[in-house]
Structures are given as C-alpha cells and as structure tokens.
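Participant: Pasted the sequence and its predicted model underneath.
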Amino acid sequence: MKQQTIPKQIQEAFASEVQRYGNHIYHLGKEAGVAYYGFAYPDDLDICLPSVYGYDGHSVVITDSAEVARLFSLFGVE
C-alpha cells in the first residue's frame, strides 16, 4: 500500500500536537472532495474526541465535535 503524503496545510494545523506528541497524523478518509486527517494521541492521554481537519485541495476545513463523531462513524473509527 502506498504511503499517503500529508498536505503541508494539515501538518501546520496539527503543529501543536506534533510538537508535543510526535508526528502521528493519519488519513481518516475522503468525503465530498475533502480528505480528512486525524491525530493519534498517546493511549494514556484522556481526551473526549481527537482533532480532525479536512483538506479540500486549497484550504483546511475545521471540524467541530459533532462532525468529528459523524466522520468517525462514517469511516469506521472506534
């Protein structure tokens, strides 16, 4: 399987997480022309829903918690 390149704009959106926890950005899936990316936080970190950003080829799409929950359901993330 080919390794997916993470767009620079998504890397910048997750810059704070990457600085703290390392580069653990992953491709979640694609819907309606937007590629969504999540961040794999450490297992011992207690967070409700992780951050998810989308990229439409031009700009970053910011998601809220309801959208994150919907995307996780859509893409089969537990």
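Facilitator: Great, that's in hand.

Participant: Which residue ranges of this structure form helices?
Facilitator: With DSSP state H as the definition, the chain shows helices at residue ranges 8-13, 15-21, 65-75.

Participant: Can you redo those as TSV, where the extra columns are distance to Asp43 and mean neighbour count?
Facilitator: The way it works is simple: take the backbone N, C-alpha and C, and place the C-beta from them, glycine included. Formatted as TSV, the helices of the chain follow (distance: least, Cβ to Cβ, whole Å; neighbours: other Cβ atoms under 10 Å):
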stretch	distance to Asp43	mean neighbour count
helix 8-13	23	16
helix 15-21	11	12
helix 65-75	17	14
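
Participant: now the ones you listed in a markdown table, with distance to His58 and mean pLDDT?
Facilitator: Listed next are the helices of the chain as a markdown table, based on distance: least, Cβ to Cβ, whole Å; pLDDT from 0 to 100:
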| stretch | distance to His58 | mean pLDDT |
| --- | --- | --- |
| helix 8-13 | 9 | 97 |
| helix 15-21 | 19 | 95 |
| helix 65-75 | 19 | 94 |
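
Participant: Let's have those in JSON lines, adding distance to Asp44.
Facilitator: Shown next, in JSON lines, are these (distance: least, Cβ to Cβ, whole Å):
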{"stretch": "helix 8-13", "distance to Asp44": "24"}
{"stretch": "helix 15-21", "distance to Asp44": "11"}
{"stretch": "helix 65-75", "distance to Asp44": "20"}
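
Participant: Which one, of those, ends up nearest to Lys30?
Facilitator: Among the helices of the chain, the nearest to Lys30 by Cβ to Cβ is helix 65-75 (9.1 Å).

Participant: which strands and helices sit next to that closest one?
Facilitator: Identification of packing neighbours for helix 65-75 by 3 or more Cβ pairs under 8 Å, 6 or more residues apart in numbering; DSSP states H and E yields strand 25-31, strand 52-55.
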